[in-house]
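> pasting the sequence and the predicted model now:
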Amino acid sequence: MYASRSHHKAIVARVSQMPDWRPMLKSRSNGIPRIMGVLNVTPDSFHINSRVKNSKDAISRALEMYKDGADWIDIGGESTRPGAQRVSSDEELDRVIPTIKSIRDRIPDLCISIDTSKAIVAAKAIEAGADMINDISSLSDPEMGKVIMDYGSPVCLMHMQGIPENMQNNPNYVNTVNEVRDELSTSVNKLLNMGVNSESIIVDPGIGFGKNLNHNIELLIAGREIVPNDNISLLWGVSRKSIFRELLGRDNTDDRLPGTLGVAAISINKGVDIVRVHDVQEHSDLFKTMHSLMNKGNVVKRSANGK
């Protein structure tokens, strides 16, 4: 077991001092999704402005996102952009563990997610202060389920056709929505059969991970149709991705914020619980504005003659 007896008391003590992540897995009572800020401790993540060089820079970025309204910070130490090469567990740990510890010490009530597909990295990250595991490979590491059970952590399972090195070579589906839902359901059932509570599981359709433009659009339109059961939460990670190059002709990731905000706006009507984004302040402003207009604004109806 990753959570050995020698660590058990320390883990229990740490968890008792950490924020309650349970309400943060669901959208707010008004339907507005929670905001997860992206923090990449990598030299090669696809959006340059999301990268940080060291723990000091990471703390500064995390504090900024927290003040701007982030409910979560998602920390990753291995790029998963199309064509990215894998890094060793040791290198990934060297990148993320100091960052997690520093952020947990400085911002004790911020929820932290570890973006990894490696069980050993997930375990060490939780011991360092992370709350949730964000596994883009949906349990490809056979030990990941044990980590989830041993530590009692929530987990996000993402759909991906292929692996980052080849996932965009020729993605192909007969029925995109059904196939994504079925594959996510298989991973979810593995955890349910182990005794994991369905309310601590989140699913992510994996926009841009082994999908072309049409596949991505179909999945966004489907919304919660890909969720295996009603107790499970839904996360969208669409921020500044290549869907906006194909849809809007925006080659540079710096030019993809308007498209990203458009997707975030529709997420409210699609039952999305968490949006994973690079731009926390802009999404926070968007949601506050939408909430104000949805709840306080007066609907203006046109008369029969259009006036």
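Received, thanks.
> find the residue at the geometric middle of the protein.
Nearest residue to the geometric centre of the chain (CA atoms, centre = their mean): Arg276, 4.7 Å.
> residues in contact with it?
36, 38, 74, 204, 235-237, 239 (CB atoms under 8 Å, 6 or more residues apart in numbering). For the C-beta atoms, the positions are set from N, CA and C on the backbone; glycine is no exception.
> for it, give the beta-bridge partners.
Met36 (DSSP bridges).
> would you map the helices across the stretch 101-250 of the chain?
119-128, 144-151, 176-194, 213-222, 243-248 (DSSP state H, counting those that start in this stretch).
> looking at those, which one is packed in the most?
Highest mean neighbour count among the helices of the stretch 101-250 of the chain (mean count of other CB atoms under 10 Å): helix 119-128, with a mean of 23.
> that helix vs helix 144-151, what angle?
20 degrees (axes from the mean of the first three to the mean of the last three CA atoms, to 10 degrees).
> what is helix 119-128 packed up against?
helix 5-16, helix 89-106, strand 111-115, strand 132-135, helix 144-151 (3 or more CB pairs under 8 Å, 6 or more residues apart in numbering; DSSP states H and E).
> pull the CA atoms of that helix into PDB?
Extracted as PDB, the C-alpha positions of helix 119-128 are listed here (Å, rounded to 0.1, in the frame of the first residue of the first chain):
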ATOM      1  CA  ALA A 119       0.500   6.300  -9.300                       C
ATOM      2  CA  ILE A 120       3.700   7.000  -7.400                       C
ATOM      3  CA  VAL A 121       3.500  10.700  -8.300                       C
ATOM      4  CA  ALA A 122      -0.100  10.900  -7.300                       C
ATOM      5  CA  ALA A 123       0.600   9.200  -3.900                       C
ATOM      6  CA  LYS A 124       3.600  11.500  -3.200                       C
ATOM      7  CA  ALA A 125       1.600  14.500  -4.200                       C
ATOM      8  CA  ILE A 126      -1.300  13.700  -1.900                       C
ATOM      9  CA  GLU A 127       1.200  13.200   1.000                       C
ATOM     10  CA  ALA A 128       2.600  16.600   0.100                       C
END
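> contacts for it, please.
Residues contacting helix 119-128 (CB under 8 Å, 6+ apart): 2-3, 7, 10-11, 14, 75, 77, 89, 92-93, 96-97, 100-101, 104, 114, 116, 130, 133, 135, 141-144, 146-147, 150-151, 153.
> identify each buried residue in the helix or strand containing Lys67, please.
Element membership of Lys67 [criterion: DSSP states H and E] is helix 55-68. Neighbour-count burial for helix 55-68, counted by 16 or more other CB atoms under 10 Å, picks out 55, 58-59, 61-63, 65-66, 68.
> can you list those residues in TSV and add pLDDT?
Formatted as TSV, the buried residues of helix 55-68 follow (pLDDT from 0 to 100):
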residue	pLDDT
Ser55	73
Ala58	84
Ile59	87
Arg61	90
Ala62	93
Leu63	95
Met65	95
Tyr66	97
Asp68	97
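> cool, thanks, talk later.
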